[in-house]
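Colleague: have a look; sequence and predicted model below, questions after that.
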Amino acid sequence: MKPVIALVGRPNVGKSTLFNRLTGRRDAIVADYAGLTRDRHYGDGALAGHEFIVIDTGGFEPDCTSGIFQEMAKQTRQAVAEADAVIFVVDVRAGLSAQDHDIARFLRTTSKRVLLAANKAEGMKDGPQLAEFHELGIGEPLAVSSAHGQGIRSLIELALEGL
Ligand code: GDP
Ligand code: MG
């Protein structure tokens with residue numbers, strides 16, 4: 001079985017951009033995976049000789065009645081439950097938001113490995129913009145650019161280490 005990596009984070013931080021970069025838009029056939037359900041977005045990830053399954057979150061049904069926040073929380077919980085490792089994506093240009101704190105509060109209760117990806121960091125050195133993300137209590141923020149493919153390889157190597 002390939003390891004499963006879940007991408008979580010508030011809307012617009014770049015989860016789907018990261019998903020597409022990791023998977024080359026290859027949808028995964030997950031029928032063989034006990035515990036994975038059909039109503040989420042899974043992709044076949046391949047990078048630097050590693051193969052894995054990626055779960056994107058944040059695709060909302062247009063007729064969703066529960067509201068965007070409840071739906072986000074539900075998708076986050078479900079994806080984390082299915083994953084071996086979690087990548088929590090935040091937007092280093094937008095900075096921290098209340099929603100990031102809400103997601104972090106939940107992620108701090110999981111025993112799964114959680115990595116903090118500070119996305120949209122192209123053209124930035126690991127500097128002052130990253131510092132505030134320590135507040136989330138998730139560990140060291142890793143500067144990445146999903147759009148430009150920077151920092152993605154080491155992010156995935158850390159996510160998969162020992163799995
Ligand atoms: P999601 O809602 O978390 O899935 O976010 P998306 O992947 O849809 O991206 C939201 C917006 O951020 C889009 O306009 C992307 O082009 C942009 N974006 C994603 N990754 C990056 C990045 O690494 N750098 C920059 N500058 N923009 C990005
Ligand atoms: Mg998305």
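Modeller: That came in fine, so what should we check first? Ligands and ions are numbered 1, 2, ... in the order given.
Colleague: lowest average confidence, helix or strand, in the chain?
Modeller: Least confident element among the helices and strands of the chain, by mean pLDDT, DSSP states H and E: helix 68-82 (a mean of 88).
Colleague: which bits of the protein sit near ligand 1?
Modeller: Within the chain, the positions near ligand 1 by CB under 6 Å from any ligand atom are 9, 11-17, 58, 119-120, 122, 145-148. All C-beta spots, glycine's among them, are computed from the backbone N, C-alpha and C.
Colleague: what subset of these is buried?
Modeller: Among the residues of the chain next to ligand 1, those classed as buried by neighbour count (16 or more other CB atoms under 10 Å) are 9, 13, 14, 15, 16, 17, 58, 119, 120, 122, 145, 146.
Colleague: ok, now which ones touch the fourth one?
Modeller: When you say that, I think you mean residue 15. Counting by CB atoms under 8 Å, 6 or more residues apart in numbering, residue 15 touches 7, 8, 9, 56, 57, 58, 89.
Colleague: give me the pLDDT for the residue lying closest to residue 157 once chain neighbours are set aside.
Modeller: Closest residue to residue 157 apart from its sequence neighbours, by CB to CB, 6 or more residues apart in numbering: residue 48 at 6.8 Å. Looking at residue 48, its pLDDT stands at 85.
Colleague: neighbours of residue 48, just the number please.
Modeller: Residue 48 has 10 neighbouring residues, counting by other CB atoms under 10 Å.
Colleague: what does residue 109 give?
Modeller: Neighbour count for residue 109, taken as other CB under 10 Å: 7.
Colleague: cool, and residue 56?
Modeller: The local packing of residue 56 (other CB under 10 Å) involves 22 other residues.
Colleague: separation between the nearest residue to residue 8 once chain neighbours are set aside and ligand 1?
Modeller: Nearest in space to residue 8, with sequence neighbours left out and distances taken as CB to CB, 6+ apart, is residue 76 at 4.7 Å. Plainly put, residue 76 is 12 Å away from ligand 1 if you go by CB to the nearest ligand atom, to the nearest Å.
Colleague: correct me, but residue 76 touches residue 10?
Modeller: No - counting by CB atoms under 8 Å, residue 76 does not reach residue 10; the two are 9.6 Å apart.
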